[in-house]
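Participant: okay, sequence plus prediction incoming.
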Amino acid sequence: MTKIGIITCENGSILCAGLNCYRALSQLSGTFARYVDGIEIVGFTTCGGCPGHLAKKKAESMIKYGAAEKIHLGCCIMFRSHPHPDKFSLEELVTYCAQQHTKRTRLNPDSLAIETAKAIKDGRYPHVCFFKEKIKRDIEMLGVEVIEGTHARNAVDIKE
Ligand code: SF4
Ligand code: SF4
């Protein structure tokens, strides 16, 4: 039985209840397939929001009080599920971003959608959290293994 903690993206958590993570945990699938002797979950939380400074504190708490042996970073830290820039025009990306931002923010959603679409199109908006490497390094400094991902990659793009 391995004790694990899971840290996910605060931004993603606005709309995600973690269903795919919990499904993978109960089925021992995705990155949890390695735990053939079973898993005890000691914590499931978010990074606390950009730039993820609270991830280390939360991991520390899972290690100190829950004896976590491994920390998994959710797929929402590893992969963003926005459209691939080569397969969609800028106009299509603007439409997509406008739909997403209408759901997530009331802060000037039109101009935010245009700027985000431009960033996706020219590669400035990567398919990974900008702060992923720092989050990972910070947690590794606590002396635990950090595993990238949770559920199967193809589950990221379905409704969670
Ligand atoms: S990894 Fe997937 S299911 Fe888990 S919290 Fe993130 S988006 Fe939700
Ligand atoms: S730091 Fe990364 S994982 Fe955390 S909320 Fe921001 S984008 Fe999501």
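Facilitator: Noted; the coordinates are in hand. Ligands and ions are numbered 1, 2, ... in the order given.
Participant: show me what contacts Val144?
Facilitator: Ala59, Ile63, Ala68, Glu69, Lys70, Ile71 (Cβ atoms under 8 Å, 6 or more residues apart in numbering). C-beta coordinates here come from the backbone N, C-alpha and C atoms, glycine included.
Participant: whoops, I mixed them up, Gly48
Facilitator: Glu10, Leu54, Ala55, Lys57, Lys58.
Participant: for Glu140, see how far away it is.
Facilitator: 18 Å (Cβ to Cβ, to the nearest Å).
Participant: count of neighbours near the spatially closest residue to Glu69 that is not a sequence neighbour?
Facilitator: Using Cβ to Cβ, 6 or more residues apart in numbering and skipping the chain neighbours, the partner closest in space to Glu69 is Lys3 (5.0 Å). When neighbours are counted by other Cβ atoms under 10 Å, Lys3 registers 16.
Participant: can I assume Lys3 sits in a helix?
Facilitator: No - read with DSSP: H, G, I helix; E, B strand; the rest coil, Lys3 is strand and lies in no helix.
Participant: okay, and the beta partners of it?
Facilitator: Glu40 (DSSP bridges).
Participant: count of residues packed around Val128?
Facilitator: Counted with other Cβ under 10 Å, the neighbours of Val128 add up to 12.
Participant: tell me, what's the model's pLDDT at it?
Facilitator: pLDDT recorded at Val128 is 76.
Participant: on the pLDDT front, check Pro85 for me.
Facilitator: For Pro85, the predicted pLDDT is 80.
Participant: my read is it is in a strand, agree?
Facilitator: No - read with three-state DSSP, Pro85 is coil and lies in no strand.
Participant: isn't it right up against Arg124?
Facilitator: No - under the criterion of Cβ atoms under 8 Å, Pro85 makes no contact with Arg124, lying 10.0 Å away.
Participant: neighbour-wise, which of those two wins?
Facilitator: Pro85 (18 against 11).
Participant: touching, the residue nearest to Glu69 and Gly38? I think so.
Facilitator: No - using Cβ under 8 Å, Lys3 is not in contact with Gly38, being 10.3 Å away.
Participant: where exactly do the strands run in the chain?
Facilitator: 2-8, 39-46, 70-73, 145-148 (DSSP state E).
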